[in-house]
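Trainee: This is the structure alone, sequence omitted:
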């Protein structure tokens, strides 16, 4: 029984939790794209692409191989992506320093024939003081995995 305007439907049929929570990324976070089974078999590497999150022109961008790509577009391009959050101390101007490091790295990346993605990510982290620049010419995306890297200011893997 009830009033004419009351709904016969149970209001608890809808979930109170958001089933698609928004991905929380911050400047400096690493994005790693998982390789397909065929690529893992052929190359023995779990990660095929790496990008670093950068705030540029009012938007979150993925900096990959010297190129800025909108984060949403980068995430949609890959089936399985994990992130390693940057846990360093973020002083005032950190976003600006990351953008300047990315722009400087973009200029250097255009002139190199080495592994572009690993080189650009390693160089950018080296400029920021978050990684060593030694051997940066030979870095590939797999070197930034929590299992293989010596990056202390980054979290373990989180699936996006």
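Mentor: Received it, and whenever you're ready, just let me know what you need. Values in this document were obtained by computation on a predicted structure and should not be read as measured data.
Trainee: okay, and the helix or strand of the chain with the least pLDDT?
Mentor: helix 37-43 (a mean of 73; mean pLDDT, DSSP states H and E).
Trainee: List the neighbours of the helix or strand just after that one that are in contact with it.
Mentor: Next along the chain after helix 37-43, taking DSSP states H and E as the criterion, comes strand 47-56. With contacts defined as C-beta atoms under 8 Å, 6 or more residues apart in numbering, strand 47-56 is touched by 25-36, 39, 60-64, 68-69, 71, 74, 78, 95, 98-99, 102, 117-118, 121, 124-125, 141-142, 144-145. C-betas here are computed from N, CA, C, even on glycine.
Trainee: Any of those buried? List them.
Mentor: Neighbour-count burial (16 or more other C-beta atoms under 10 Å) applied to the contacts of strand 47-56 gives 25, 27-35, 60-64, 68, 71, 74, 78, 98-99, 102, 117-118, 121, 124-125, 141-142, 144-145.
Trainee: Can you tell me which of these end up in strands?
Mentor: Judged by DSSP state E, these include 30-34, 60-64, 68 as members of strands.
Trainee: possible to save those residues as TSV with distance to residue 156 and pLDDT?
Mentor: Listed next are these as TSV, based on distance: C-beta to C-beta, whole Å; pLDDT from 0 to 100:
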residue	distance to residue 156	pLDDT
30	11	94
31	14	95
32	12	93
33	17	92
34	15	88
60	22	94
61	24	95
62	20	96
63	22	95
64	22	92
68	27	95
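Trainee: Now the two most distant members of those.
Mentor: 34 and 68 (22.2 Å; C-beta to C-beta).
Trainee: where are the low-confidence patches of the protein?
Mentor: 1-23, 111-115 (pLDDT under 70).
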